[in-house]
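# Provide a 3D model corresponding to the input given below.
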Amino acid sequence: MIDVSGLTKVIDTGIHRVEILKGIDLSIPTGQFAAIMGASGSGKSTLLGLLAGLDAPTSGKIVLDGEEITGLPEDRLSVVRGRKIGFVFQSYQLIPTLTAEENVLLPYELVGRNGSGGRKRARELLMEVGLDDRMDHYPVQLSGGEQQRVALARAFMVRPPILLADEPTGNLDSANGRHILELLIRLNAEQGTTLVLVTHDANLAAHAQRRIVLQDGLVVADDLSA
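Coordinates of the predicted model:
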């Protein structure tokens with residue numbers, strides 16, 4: 001589902017040259033739950049951003065679900081992101097002027113779909129994450145844990161084959177963090193997506209089928225659970 005070869009990312013200001021990724025080779029099969037770990041500055045969030053097509057590598061190749069995204073024009077990249085990738089961010093990234101239901105429905109509308117089928121799925125997903133009584137609430141009316149549950153429902157809205165999560169429990173207390181992780185694992189299993197989760201939390205990564213450790217822009221460990 002995800003194939004990466006020779007991936008590098010270099011920031012060159014003319015004064016300083018910083019190698020963030022130094023040649024990453026990685027293959028993640030369909031349906032796998034992989035955690036990418038590493039200390040701050042190891043390159044894990046940069047790698048996730050490249051996988052999402054939010055940034056371009058300096059060199060190397062990224063193939064998502066059989067389509068190479070390196071070098072694609074932005075209009076095509078937007079289509080790939082909209083149809084193939086779901087996102088869960090640490091900071092939720094909800095639209096404050098939209099209700100919970102409207103936030104979940106947004107990816108559906110962005111790929112040009114409309115109709116009652118989308119609204120029905122949005123409501124079903126919000127019920128799945130336990131927010132059936134909060135559908136008409138705005139983000140400011142929701143707790144952090146509730147906002148992240150809305151973000152989870154939104155990530156699964158268009159049934160993307162790939163889900164990318166960047167520190168999804170980082171802004172939550174331990175109880176809410178556990179709840180979000182349980183929901184993420186359950187929804188991921190039910191939807192059959194390929195999940196790549198970036199975290200510095202070893203306890204969180206322990207739930208993954210595979211743990212990939214980055215250090216100074218290189219893969220230094222790649223452990224597959226039995």
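# ok, the residue nearest in space to the middle of the chain - contacts?
When C-alpha atoms, centre = their mean is applied to the chain, the residue found nearest the centroid is L164 (1.8 Å). Residues in contact with L164 (C-beta atoms under 8 Å, 6 or more residues apart in numbering) are L48, L51, A52, I85, G86, F87, V88, V196, L197, V198. For every residue, glycine as well, the C-beta is placed using N, CA and C.
# low-confidence regions, the chain specifically.
112-116, 225-226 (pLDDT under 70).
# and the strands in the protein?
Secondary structure of the chain (DSSP state E): strands at 2-12, 17-28, 33-37, 59-64, 67-68, 85-88, 162-166, 194-198, 210-215, 218-224.
# longest single helix anywhere in this protein?
When the chain is parsed with DSSP state H, its longest helix is helix 174-191.
# so what's the residue count around the residue nearest to D3 when sequence neighbours are not counted?
Once flanking residues are discounted, D3 sits nearest to V63: 4.2 Å by C-beta to C-beta, 6 or more residues apart in numbering. A count of nearby residues for V63, using other C-beta atoms under 10 Å, gives 15.
# so who does V63 touch?
I2, D3, V4, I69.
# ok, now K9?
Counting by C-beta under 8 Å, 6+ apart, K9 has contacts E19, I20, L21, G43, T46, L50, D55, P57, T58, G217.
# then L77?
Contacts of L77 (C-beta under 8 Å, 6+ apart): G53, I69.
# state the distance from it to I69.
6 Å (C-beta to C-beta, to the nearest Å).
# which residues do the two both contact?
G53.
# ok so, going back, which strands or helices does the longest helix of the chain pack on?
helix 144-155, strand 194-198 (3 or more C-beta pairs under 8 Å, 6 or more residues apart in numbering; DSSP states H and E).
# just put these in CSV and tack on mean neighbour count and distance to G130.
What follows is those, written out as CSV (neighbours: other C-beta atoms under 10 Å; distance: least, C-beta to C-beta, whole Å):
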stretch, mean neighbour count, distance to G130
helix 144-155, 24, 7
strand 194-198, 25, 20
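# which stretch among these comes nearest G177?
G177 lies closest, by C-beta to C-beta, to one member of the helices and strands packed on helix 174-191: helix 144-155, at 8.4 Å.
# taking strand 162-166 as reference, get the angle to that closest one.
160 degrees (axes from the mean of the first three to the mean of the last three C-alpha atoms, to 10 degrees).
# what does helix 144-155 rub up against?
86-89, 92-94, 100, 103-104, 106-107, 122, 125-126, 128-131, 134, 139, 142, 163, 165, 168-169, 171-173, 176, 179-180, 183-184, 187.
# ok, of the residues you listed, which come out buried?
86-89, 92, 94, 100, 103-104, 106-107, 122, 125-126, 128-129, 131, 134, 139, 142, 163, 165, 168-169, 171-172, 176, 179-180, 183-184, 187 (16 or more other C-beta atoms under 10 Å).
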